[in-house]
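Peer 1: quick one: sequence and predicted model below, then my questions.
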Amino acid sequence: MFHRGELITVTISGYAFGGNGVAKIPTDDGDFVVFVGNTFPGQVVQARVDKKKKRYCEAKLIQVIERSPLEVVSDFQEISGAPYIYVPVAEQEKEKEQSTLEIYRKLGGFQDIKERFDTFISSPVHYFYRNKMEYSFSCIEHNMETGEDIDDAFAVGFKRRGTWWKVENLNKPSGMFDQEWETKLIQIRNYLKLSELPAWHPPKKTGFFRHIIVRKSFDQDQLLVNLVTSSEGLKQFDVEAFGLLLKQLFGERIAGFQHTINDDVADRSKIENGSCKLVFGKPIVIEKLLGLSFEISMESFFQTNPKSAELLYTKALDYVFEETIPENDIVMDLFCGTGTIGQILATRRKDVKIVGVDIVAEAIEDARRNARHNGLENAVEFYAADVGKFLREHPEFSGRISSIILDPPRAGIAPKTLQKVIDLGAKNIVYVSCNPSTQARDADTLRKAGYELEKLSLVDQFPHTGHIEAIAKFKKK
Ligand SMILES: C[S@@+](CC[C@H](N)C(=O)[O-])C[C@H]1O[C@@H](n2cnc3c(N)ncnc32)[C@H](O)[C@@H]1O
């Protein structure tokens, strides 16, 4: 049944972890299962078969032909990064919870996960919650109304689902990022188009305008803007005049405007590369989390949904403090990024030392600077290193740690590194993850090493997407 590359139309009847809609096609040998990413039960969709196995296949969504009866179409423009914008949040949350618990059963072998499940924390804001957005320019536009592709266009918005070359103009807010910014993006597009410099041509890798990236501070209600162009035709572009337009459109809300010149042929991955000049203002915004201030530059990692991150961190730290931490003990914040969790912990317990480790040197510099500004420099120590290497080179911590916080990237923790973490002999481990499938795998390793999974909570950091954040609490038996 079906072959790779085939265009199929299926009705989605179920939901699997990670935003995969499930369609079942009856055959003489039982159901043949089709997984289609970014779809929802009740939708009829057109999709292209990508991977084919004997009993199932994976297909990429091309278009939703019929909406699910659950969906409520609103005035937001649907973008590929937010496939569930029309699905009521309660329905999204229900599917996320069930599918995440199922992945814990399947990949972690925790058949009794329901009994260990603590709570599902909803995002305190469901719309306009993101603090960073990256828009692409392309001279190949996919017109959403007519379905046509237009060459020699000037499009600014997001890549058409499943393509890296076509851009759909963002004509109204997506419901994900700042409402005023996205309402006025059309004026920015019209202004830049008048320069007669071309938008980027992704297949040819030529053109001038490449990306526009915006960082937001909710606390200050300010925006930091970075326009990325090539140097092709640079002399014709009046960057100061564009800065004035930003000031006219957004006034005091613009904290700073940067211009990055990037001639690298690689598209998204090199977005922050090239030479960057601050045209006016500051190259940072300041965000507040649970009373602490964090300076965020364009490049720094910072939780995308800060209001929800407060709830995530509070829950993670509640788990840490459920156990006794002796005075002057060390708590490790491994994969600490800009050190937010460790610093917040330090405000709740003044008599413990925090050791944070992250592989990105810039993130550690941010962590140290922020700790100084927050008056916490004596409570925290940050190291720029690979966690596995750090633990190998610092055997002195072994047996001296009562609690560890882990917050690794989506890939989870490398087996050798996890073994080093286990060798520390901590009584408690709190594991925060943006990918519960790798967390469930690591939870199985921790269980085999004598750690019991006591509790699991889910935090909906990313409404309208298939993503979910999970916090697991482990205790040494
Ligand atoms: C999900 S982020 C953690 C963010 C941080 N806890 C926060 O909330 O701001 C994962 C972090 O792991 C870091 N990382 C990835 N691989 C690493 C490794 N092998 N050793 C140390 N840090 C690593 C990344 O630089 C990133 O900052």
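Peer 2: Great, that's in hand.
Peer 1: could you look up the SS state of Thr347?
Peer 2: Of the three states, Thr347 takes helix according to DSSP: H, G, I helix; E, B strand; the rest coil.
Peer 1: please apply the same query to the one 4 residues further on.
Peer 2: Reducing the assignment to helix, strand or coil with three-state DSSP, the entry for Asp351 is coil.
Peer 1: so where's the stretch 251-400 of the chain uncertain?
Peer 2: 267-273 (pLDDT under 70).
Peer 1: what does it put close to the ligand?
Peer 2: 301, 303, 335-338, 340-341, 357-360, 363, 386-387 (C-beta under 6 Å from any ligand atom). C-beta: built from backbone N, CA, C; applies to glycine.
Peer 1: ok, now with 8 Å
Peer 2: 301-303, 309, 313, 333-341, 357-360, 363, 385-390 (C-beta under 8 Å from any ligand atom).
Peer 1: just those residues: which are in helices?
Peer 2: Cross-referencing those against helices under DSSP state H gives 309, 313, 340-341, 363, 387-390.
Peer 1: buried subset of those?
Peer 2: Buried by 16 or more other C-beta atoms under 10 Å: 309, 313, 340-341, 363, 387-388, 390, out of these.
Peer 1: which two from those end up farthest apart in space?
Peer 2: By the measure C-beta to C-beta, Ala309 and Gly388 form the most distant pair in those, at 26.2 Å.
Peer 1: tell me, how many residues neighbour the one residue in the chain that gets nearest to the ligand?
Peer 2: The ligand sits closest to Gly337 of the chain, with a gap of 2.9 Å, by C-beta to the nearest ligand atom. Residues contacting Gly337 under the criterion other C-beta atoms under 10 Å number 21.
Peer 1: doesn't Ala367 make contact with it?
Peer 2: Yes - with contact defined as C-beta atoms under 8 Å, Gly337 reaches Ala367; the gap is 7.5 Å.
Peer 1: overlap of the contact sets of these two?
Peer 2: Asp358 (C-beta atoms under 8 Å, 6 or more residues apart in numbering).
Peer 1: give the buried residues for the longest helix along the chain.
Peer 2: For the chain, the longest helix by residue count, based on DSSP H, is helix 89-108. Using 16+ other C-beta under 10 Å as the test for burial, helix 89-108 gives 91-93, 95-97, 99-101, 103-104, 107-108.
Peer 1: and which of the residues you listed is nearest Phe280?
Peer 2: For these, the minimum distance to Phe280 (C-beta to C-beta) is 39.9 Å, reached by Gln92.
Peer 1: what's the closest non-adjacent residue to that closest one?
Peer 2: Nearest residue to Gln92 in three dimensions, chain neighbours excluded: Tyr84, at 5.2 Å (C-beta to C-beta, 6 or more residues apart in numbering).
Peer 1: how about the strands in the stretch 1-150 of the chain?
Peer 2: For the stretch 1-150 of the chain, applying DSSP state E, counting those that start in this stretch gives strands covering 7-11, 14-16, 20-27, 30-37, 44-52, 56-66, 117-121, 132-138, 141-142, 149-150.
Peer 1: please identify which of those strands is closest to Lys288.
Peer 2: strand 132-138 (16.4 Å).
Peer 1: so what does that closest one touch, helix or strand wise?
Peer 2: strand 155-159, strand 167-169, strand 209-217 (3 or more C-beta pairs under 8 Å, 6 or more residues apart in numbering; DSSP states H and E).
Peer 1: go again with 6 Å.
Peer 2: Contacts defined by 3 or more C-beta pairs under 6 Å, 6 or more residues apart in numbering; DSSP states H and E place strand 132-138 against strand 155-159, strand 209-217.
Peer 1: can you redo those strands as CSV with distance to the ligand?
Peer 2: Formatted as CSV, these follow (distance: least, C-beta to the nearest ligand atom, whole Å):
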stretch, distance to the ligand
strand 155-159, 23
strand 209-217, 15
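Peer 1: check whether the residue of the chain closest to the ligand really touches Ile364, as I assumed.
Peer 2: No - look at Gly337 against Ile364 with C-beta atoms under 6 Å: they stay out of range, at 9.1 Å.
Peer 1: which residues do those two both contact?
Peer 2: Shared contacts of Gly337 and Ile364 (C-beta atoms under 6 Å, 6 or more residues apart in numbering): Asp358.
Peer 1: how near is the residue nearest the centre of the chain to Lys184?
Peer 2: Taking C-alpha atoms, centre = their mean as the criterion, Thr304 is the residue nearest the geometric centre of the chain, at 6.1 Å. Separation of Thr304 from Lys184 (C-beta to C-beta, to the nearest Å): 22 Å.
Peer 1: please apply the same query to Leu289.
Peer 2: From Leu289 across to Lys184, the span is 28 Å (C-beta to C-beta).
Peer 1: neighbour count: the two, which is higher?
Peer 2: Leu289 (20 against 15).
Peer 1: domain ranges for this protein?
Peer 2: As given by automatic domain parsing, the domain ranges for the chain are 7-71, 98-125+303-476, 132-289.
Peer 1: winner for burial among these?
Peer 2: domain 98-125+303-476 (a mean of 19; mean count of other C-beta atoms under 10 Å).
Peer 1: kindly check the end-to-end length of it for me.
Peer 2: One end of domain 98-125+303-476 sits 27 Å from the other (C-alpha to C-alpha, to the nearest Å).
Peer 1: likewise stretch 231-248?
Peer 2: Termini of stretch 231-248 sit 26 Å apart (C-alpha to C-alpha).
Peer 1: circling back to that earlier point, give the contact list for the residue of the chain closest to the ligand.
Peer 2: 301, 358, 363.
Peer 1: which strand or helix spans Val430?
Peer 2: In this structure, Val430 is located in strand 428-433 according to DSSP states H and E.
Peer 1: hmm, who's touching the following helix or strand past that strand?
Peer 2: The first helix or strand that comes after strand 428-433 along the chain, using DSSP H and E, is helix 436-448. Contact with helix 436-448 is made by 100, 103-104, 107-109, 412-413, 418, 433, 453, 470, 474, as judged by C-beta under 6 Å, 6+ apart.
Peer 1: out of those, which one sits closest to Val352?
Peer 2: Looking across the contacts of helix 436-448 and measuring by C-beta to C-beta, the closest to Val352 is Phe474, at 19.0 Å.
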